[in-house]
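Q: Just need the structure, nothing else, for what follows:
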Amino acid sequence: MSVDSKKELLVRSLYFLMGVCICAFGAAMFVLCDTGTDPFGMLMQGIARTFGLSNGIAHISINAVLILVILAIDRSYIRIGTFISLVGMGTVIDLASRLLRGIIHSGLPFWLRFFLMLLACIILSLGLDCIISAQIGTGANDLVAVIISDKAHWQFRWVRIAVDVTWVFSGLLLGGVAGIGTIAAALIIGPIAQFFMPPIRMLLQTFLNNTEQ
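A: Numbering: from 1, shown residues only. Model prediction:
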């Protein structure tokens, strides 16, 4: 690998890590609002409640198991971003939860929790854009639908829906919370992420161009 390639990988990895931290901060806000969480967040929350774990440790545990399964099926899907996500996401979720727990909680008026939940959706979308733009892989939980679609030759959108439904029902059985936030996450995170994607990609390209000078 050339020096320039190493520099580019470093920049992309740092950009990915920034996206992971932003996503994790938004995920922590989402859970603390107590208005329901996104599909995978419900599984994370359910496992955390069932086994007495923090949300971050639950996130790391689930993804560690998924990585082992993916390695057994087809290790080519595992990239550096998968491991950055494994360690970074859960760690920052717990750190952000500790920082925000005294500020965001179920005792707040519903209208304020609803507003904070919408803000969390925006934060999650921005983090997701950074992760996608970096192009060095993604978290194991997001790879599940990709691998099933590739191996079974099924349309990705239907597989993704089925996987999300599986996360939701598994989370509900384990004590995860569904609510208006679950619906909001399904409806608005995608469009918000699509809206902010061009400037997020341009920002990454600016960083990459600066490393070439």
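Q: Show me the shaky parts of the protein.
A: 1-4, 212-213 (pLDDT under 70).
Q: change it to 80
A: Flagging of the chain using pLDDT under 80 yields the residue ranges 1-4, 157, 211-213.
Q: quick check: longest helix of it.
A: Across the chain, the longest stretch assigned as helix under DSSP state H is helix 180-212.
Q: and Pro39, what does it touch?
A: Applying C-beta atoms under 8 Å, 6 or more residues apart in numbering, we find Pro39 in contact with Val163, Asp164, Val165, Trp167, Val168, Gly171, Thr182, Ala185, Ala186. Just so you know, the C-beta spots here come from the backbone N, C-alpha and C atoms, and that holds for glycine as well.
Q: For the fourth one, which residues are in contact?
A: Contacts for Trp167 (C-beta under 8 Å, 6+ apart) come out as Pro39, Phe40, Met42, Leu43.
Q: export the residues you listed to a markdown table and tack on distance to Leu14 and secondary structure?
A: Converted to a markdown table, the contacts of Trp167 look like this (distance: C-beta to C-beta, whole Å; DSSP: H, G, I helix; E, B strand; the rest coil):
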| residue | distance to Leu14 | secondary structure |
| --- | --- | --- |
| Pro39 | 28 | helix |
| Phe40 | 24 | helix |
| Met42 | 30 | helix |
| Leu43 | 29 | helix |
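Q: Give me the buried entries from the contacts of Pro39.
A: Those of the contacts of Pro39 that meet the buried threshold are Val163, Asp164, Trp167, Val168, Gly171, Thr182, Ala185, by 16 or more other C-beta atoms under 10 Å.
Q: Alright, that wraps it up for me.
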